[in-house]
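In: 3D, please:
(chains A and B)
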Amino acid sequence: MISSARLRRLSCALLLALYGLCGALFSQPALAQDISAPLAQLATDNYADTEAALGALALSGSPAAAGIVAALADGKLVFSAAPRQVFLRTETGLVDPLTLQPVADPPAVKPVRVNNRVRRAIEAANGTLSLVSPDPAKRLEAATAVARSRDTAALPALDLALSKEADPKVKTALTLARASIVMGQPGVSDAERIAAIGLVGAEGNQDALAILQGVPADSSPAVKQAAADAIAGIERSLAMWSMAQNVWYGLSLGSVLLLAAIGLAITFGVMGVINMAHGEMVMLGAYTTFVVQDAIRTYNPGLFDWSLIIAIPLAFLFTGLIGVIIERTVIRFLYGRALETLLATWGISLILQQAIRTIFGPTNREVGAPSWMSGSFDIGQLAITSGRLWIIVFAILVFVALLATLRMTRIGLEMRAVTQNRRMAASMGIRTNWVDAMTFGLGSGIAGIAGVALSQIDNVSPNLGQSYIIDSFLVVVFGGVGNLWGTLVGAMSLGIANKLLEPYAGAVLGKIALLVIVILFIQKRPRGLFALKGRSIEA
Amino acid sequence: MLNLFTQARRAAGRAAVGATALALAGLTVPAHAQETIKVGVLHSLSGTMAISETTLKDTVLFMVQEQNAKGGVLGKKLEAVVVDPASNWPLFAEKARELIAKDKVAVVFGCWTSVSRKSVLPVFKELNSILFYPVQYEGEESERNVFYTGAAPNQQAIPAVDYLMENEGVKRWVLAGTDYVYPRTTNKILEAYLKSKGVPAEDIMINYTPFGHSDWQTIVADIKKFGSAGKKTAVVSTINGDANVPFYKELGNQGIKATDIPVVAFSVGEEELAGIDTKPLVGHLAAWNYFQSVDTPANKDFIAKWQAYTKNPKRVTNDPMEATVIGFNMWVKAVEKAGTTEPDKVIPALIGVAVPNLSGGFSAMMPNHHITKPVLIGEIKDDGQFDIVEQTPGLIVAEEWSPHLEGSKDLISDWRSPLNCGNFNVKTGKCGGAGN
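Out: Numbers count the residues shown, from 1 in each chain, chains lettered A, B, ... in the order given. Predicted structure coming up:
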């Protein structure tokens, strides 16, 4: 029940918020919005008061309201305890929130504090205030915010906005917002409620489910039935989507495993070196990314979005170089002695970890995400995060590049020749020592590149490598030692199997179950999925 | 010729043995009269826990320097003996033995994980020394030789849950933790507490993940689903250490904001946040007994001195650091009260000692060997610091034996005579735990 006077005031209020002109157009005294009460209420440390004041502000229709709410959200609204008064903090100093005139003799002030509860109220107030914004994108956002807050106080504003809306997309969102508010409100007719349920149910997403579950318990059986039907429908479709979602998560995990393991597929798979320092190569790659970003932040912040692209070749060269040094100084003396190699590389891994700890400190380092890697988008009910998508693309690119190197380049040919038959290769004039060093360097360099990508999803700390070493060996052994395609298929199947198991078994049991499955599989096929055929393997 | 050669070699061998023996003697027998009091530091400086524990080692060294500047203790200078147990639990016990038996330290500040504390317990009992343990933990323990300056569950977890219930109207709870003893015990206590507050079982979701879990996609999606049942939902996180960063990153990726589903964490402090971009985390919460943003003169002074000591104007402070500082000051005060560093005199002298904490009050050592603390709830700000949104009006006394758990609700601990017991059963009237 809204009186026409109230409605007029409101309509004007919204216009006011939008144009700030209302006062000039209609000079009725009733419209000289007096917001001194909510303003005084804002001058507080009490969150409940702040919340109440925000509600009043949003509906007051004062032209200053939007500015005050925005200032509060930015932490620029300050208050003095005596007299109880709020001000806006600007670059030039404190200004009066209503007149925007500088304050002559500023008192001691502190910011009006904001917590989650107040932040929610700010979102709702912003929603209400910008429902009539000239920008359709903003209106759409506001409609969504109002739908989420389900703030009954926003209903009149919604009705008004609906009557004026021309953009069909925004109109749908507004109708939906209205429906979600109406659903939970007392005193709404059954027909209206059922219509609202139909509208919300058609959305078919998680939010709609939440709104439908909020149907009051005391509503009539017909309403409850409609809600139950809509919920069942949504749940059916969501169950299908969740299957797709799990496969997507599996692919994403698989790509991470692939990245982590692909370097090992060279050093362990092709060369047969049990390389326990592989994880540390990944870690060095991640730290290279950190150093690159640090330099960019200091010298040329504009390049930040390119930081990962710049880091990739640097990480490859740096970790590749370290790999060559390790091969030349330690590993080449230990070929054919698997246990000694294991111990030596494990020792190297500890040395590298502690070296990084000494240089960069034991705490995590912050590696930021470039703008093109943050955010997410939806396909149907499938939420896809850009970062994960890029990592999948990147993993495949690295895989293809590595495959091409081995198949199509001279050095690739020599690598294959040396691993298949060292003596024959040597007698054909291939410098096997040099090829060994290059192969190990290539494997390490690829691990470094993986580190660049993993820095986006994991901690950049000295312990980074340790968490990947076991998974990497698992993937390479499962996929088949010495076969890159095996590594690809192994990583993807382990990733997907893990993610399909996880919802049922939980993260801990899921991982255990997977390990058991792989062990049983290795018992049956000791050479993994794709065993390398030929005499070389027997040697 | 041959004979001569062998003899020469033997002589050389003997000389070498003699030299080694001399060298050893030189190491173990102090050449001059002992003029310092030794303070042991038992924190991992390498391995997985170095990320958290290194700071505490620095804190003890800082406190030793500060105390020496004030003239030391009992007229003697303090000398820190630092060992590195390398995040290796059995090594903690070995290094503790080395500190007490070989270096003859008067007190040890150390340990972070509960398993490391459990590993050194027998050593401290056997050799009768003093351990100050500065980290929040699951409780269910009170030992004569250990002083717990971190929070027990009722000094951290329960006030945090109360805050969410009262201020955010949370009705549905996700208890997410790493799979080990601290999260499991804390979640057991919280589950019992929530049920006692009338939360039905279907509104509590408990989830455990392995150490260092990095792929949070499924779990975050589950939390999102659990949270969209029309009731306000919050996550209570006992996720440990490194796993937090990918967890928060995934929350940000899937668009879960603190205004939708707030996460309150018990293991995330200023140090952990230093490694993440905190903009998507604004509004998520943490419960501690101290935040760097505490606005008191004592804290400002401490931060200034600490940053000057570490020569790093950005170095953060955190809760376990404050607990270390409190423990250190309590020990100094008790030693001065007892007039000796003899553990048998210092242990009883410690009970009742009160020292200023950094949040503007006094923390006192209680007869259960735990200290009184205020509880602070903070929301993460975009600069990696916390905005304190709630502080308990008074100090909270630790409930080392939780009244919410079946096995411990009848137990109390009191290390004063005549009781002198860490697990006195009030039902049976006997010292010795839940089992009659």
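
In: So the closest residue to residue B:91 other than its chain neighbours: helix, strand or coil?
Out: Closest residue to residue B:91 apart from its sequence neighbours, by Cβ to Cβ, 6 or more residues apart in numbering or on different chains: residue B:85 at 4.7 Å. Every residue, glycine included, has its C-beta placed from N, CA and C. Residue B:85 falls in the coil class when you classify it by DSSP: H, G, I helix; E, B strand; the rest coil.

In: who's in contact with residue B:85?
Out: Listed by Cβ atoms under 8 Å, 6 or more residues apart in numbering or on different chains, the contact set of residue B:85 reads B:42-44, B:91-92, B:94-95, B:110, B:116.

In: let's see it at 10 Å
Out: By Cβ atoms under 10 Å, 6 or more residues apart in numbering or on different chains, the residues touching residue B:85 are B:42-47, B:49, B:53, B:91-96, B:98, B:110-111, B:116, B:119-120.

In: ok, the single nearest residue of chain A relative to chain B - how many residues close by?
Out: Here chain A gets closest to chain B at one residue, residue A:364, 2.5 Å apart by Cβ to the nearest Cβ. Residues lying near residue A:364 (other Cβ atoms under 10 Å in any protein chain shown) number 26.

In: Now do it against residue B:85, distance only.
Out: 21 Å (Cβ to Cβ, to the nearest Å).

In: Poorly predicted segments of the stretch 101-250 of chain A, please.
Out: A:184 (pLDDT under 70).

In: 90 instead?
Out: Applying pLDDT under 90 to the stretch 101-250 of chain A flags the ranges A:101-243, A:245-246.

In: And the stretch 1-150 of chain B, by the same measure?
Out: B:1-35, B:46-52, B:86-87, B:113, B:115.

In: What residues does it have near chain A?
Out: B:44-55, B:86-87 (Cβ under 10 Å from any Cβ of the partner chain).

In: Format those as JSON lines; extra columns: secondary structure.
Out: JSON lines is the format used below for the residues of the stretch 1-150 of chain B next to chain A (three-state DSSP):
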{"residue": "B:44", "secondary structure": "coil"}
{"residue": "B:45", "secondary structure": "coil"}
{"residue": "B:46", "secondary structure": "coil"}
{"residue": "B:47", "secondary structure": "coil"}
{"residue": "B:48", "secondary structure": "coil"}
{"residue": "B:49", "secondary structure": "coil"}
{"residue": "B:50", "secondary structure": "helix"}
{"residue": "B:51", "secondary structure": "helix"}
{"residue": "B:52", "secondary structure": "helix"}
{"residue": "B:53", "secondary structure": "helix"}
{"residue": "B:54", "secondary structure": "helix"}
{"residue": "B:55", "secondary structure": "helix"}
{"residue": "B:86", "secondary structure": "coil"}
{"residue": "B:87", "secondary structure": "coil"}
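
In: filter the contacts of residue B:85 to the buried ones?
Out: By neighbour count, with 16 or more other Cβ atoms under 10 Å in any protein chain shown, these hold B:42-47, B:49, B:53, B:91-93, B:95-96, B:98, B:110-111, B:116, B:119-120 as buried.

In: Farthest-apart pair in the residues of the stretch 1-150 of chain B next to chain A, please.
Out: For those, the farthest-apart pair by Cβ to Cβ is B:55 and B:86; their separation is 16.5 Å.

In: So between these two, which is more surrounded?
Out: Taking neighbours as other Cβ under 10 Å, residue B:55 and residue B:86 compare with residue B:55 leading, 24 against 17.

In: ok, that one - contacts?
Out: Residue B:55 neighbours (Cβ under 10 Å, 6+ apart): A:361-363, B:43, B:270-271, B:306, B:310, B:315-318, B:320-321, B:324.

In: for the longest strand along chain A, packing partners?
Out: The strand that spans the most residues within chain A, counting by DSSP state E, is strand A:85-90. Applying 3 or more Cβ pairs under 10 Å, 6 or more residues apart in numbering or on different chains; DSSP states H and E, one finds that strand A:85-90 makes contact with helix A:36-42, helix A:65-73, strand A:77-80, strand A:93-95.

In: Next up, the contacts around residue B:324.
Out: Counted by Cβ under 10 Å, 6+ apart, residue B:324 has contacts B:41, B:43, B:55-60, B:62-63, B:109-110, B:132-135, B:149-150.

In: Could you confirm residue B:286 falls within a helix?
Out: No: Residue B:286 is assigned strand when assessed by three-state DSSP, not a helix.

In: Who are the contact partners of it?
Out: By Cβ under 10 Å, 6+ apart, the neighbours of residue B:286 are B:156, B:160, B:237, B:263-270, B:272-273, B:319, B:376-380, B:386.

In: Just those: which are in strands?
Out: Per DSSP E, the contacts of residue B:286 map to strands at B:237, B:263-265, B:376-380, B:386.

In: can you put those residues in JSON lines and add distance to residue A:104?
Out: Shown next, in JSON lines, are those (distance: Cβ to Cβ, whole Å):
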{"residue": "B:237", "distance to residue A:104": "49"}
{"residue": "B:263", "distance to residue A:104": "45"}
{"residue": "B:264", "distance to residue A:104": "44"}
{"residue": "B:265", "distance to residue A:104": "45"}
{"residue": "B:376", "distance to residue A:104": "38"}
{"residue": "B:377", "distance to residue A:104": "38"}
{"residue": "B:378", "distance to residue A:104": "36"}
{"residue": "B:379", "distance to residue A:104": "34"}
{"residue": "B:380", "distance to residue A:104": "37"}
{"residue": "B:386", "distance to residue A:104": "35"}
